[in-house]
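**Student:** okay, sequence plus prediction incoming.
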Amino acid sequence: MKSYRKIEYSFYARTNVLQIAKELLGKVLVSVQEGKLTSGMIVECEAYTGEQDKAAHVYGGKRTKRTEKMYGDAGHAYIYFCYGMHHLINVVTHSRGIPHAVLLRALEPVEGIEIMMERRKKLKLDYTLTKGPGSLCQAMGIHTRQNGESLLGDHIWIEDQGIKIPKEQIECGPRVGVDYAGADALLPYRFWIKGNKYVSRRPKSKFDTVG
DNA sequence: CGACCGATCGTCT
DNA sequence: GACGATCGGTCGA
């Protein structure tokens, strides 16, 4: 098996979460749970820009038990339970006390596909295996018990496998499922790889462009 | 293929 | 007691 470079602390500890989100496209999320390794290339993600962001859990300085990990240091996972049945994973960025994060929304499977199919109870491989934030967590065995884990450790990390996504292949648009956020629901903070089959939904607008 | 809707439960008010 | 940063099934075109 080849050895790739694990993304280091300095990548996450930067201040521009929109830039970090764009750069995460093409990187590979790796998860080792109960000795089983699975991995997938990040093809879609969303940036959440802190306490001023009406779509973020921490809007208005809402520092609670649930959001506490978002306030922690960069390079950790913020994992929460949603809609009574799904686990969603965010990458925490910026610095302690500044709750920025990137929600991972879709992966293109790379390693451990049979393990992912088993967890997802799929008999046939199709694009729904790791499409959508809840689906990808289920496929990778990611659970709220890993909330707050370091992304520099041995269970969940992100690798640079040398895949470079050209700027013209990156599209952006409004974030999904945040209609309650008023004007902030329209901000183009969702990024995806153009045409990738694992992206969780078709673009809402043909006017989407990378700024 | 799009619109709709029920499932399901931890967290916060 | 209400409400989700969702998913998968169903229905109709």
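**Tutor:** Thanks, I have it.

**Student:** ok, what's across the strand from the nearest residue to A:M70 once chain neighbours are set aside?
**Tutor:** Once its chain neighbours are removed from consideration, A:M70 has its nearest residue in A:P99; the separation is 3.9 Å (C-beta to C-beta, 6 or more residues apart in numbering). All C-beta spots, glycine's among them, are computed from the backbone N, C-alpha and C. For A:P99, the beta-bridge partners are A:H94 (DSSP bridges).

**Student:** hmm, A:P99 is touching A:A56, no?
**Tutor:** Yes. Using C-beta atoms under 8 Å, A:P99 and A:A56 qualify as a contacting pair, with a distance of 7.3 Å.

**Student:** which one's more surrounded, those two?
**Tutor:** Neighbours were tallied for A:P99 and for A:A56 using other C-beta atoms under 10 Å; the higher tally belongs to A:P99 (29 against 26).

**Student:** which residues touch that one?
**Tutor:** When contacts are counted by C-beta atoms under 8 Å, 6 or more residues apart in numbering, A:P99 is found next to A:50-51, A:56, A:58, A:63, A:67, A:70-71, A:92.

**Student:** give me the common contacts of A:P99 and A:A56.
**Tutor:** Taking C-beta under 8 Å, 6+ apart as the contact definition, A:P99 and A:A56 share the neighbouring residues A:G50.

**Student:** was I right about A:I163 contacting A:E23?
**Tutor:** No. With contact defined as C-beta under 8 Å, A:I163 does not count as touching A:E23 (11.4 Å).

**Student:** out of these two, which sits in the more crowded spot?
**Tutor:** A:E23 (20 against 12).

**Student:** so which strand or helix has the more buried one?
**Tutor:** If you go by DSSP states H and E, A:E23 is part of helix A:17-24.

**Student:** try A:C172
**Tutor:** Going by DSSP H and E, A:C172 is part of strand A:170-173.

**Student:** sheet partners, orientation included, of that strand?
**Tutor:** Sheet pairing for strand A:170-173, assigned by DSSP bridges, gives strand A:190-193 (antiparallel).
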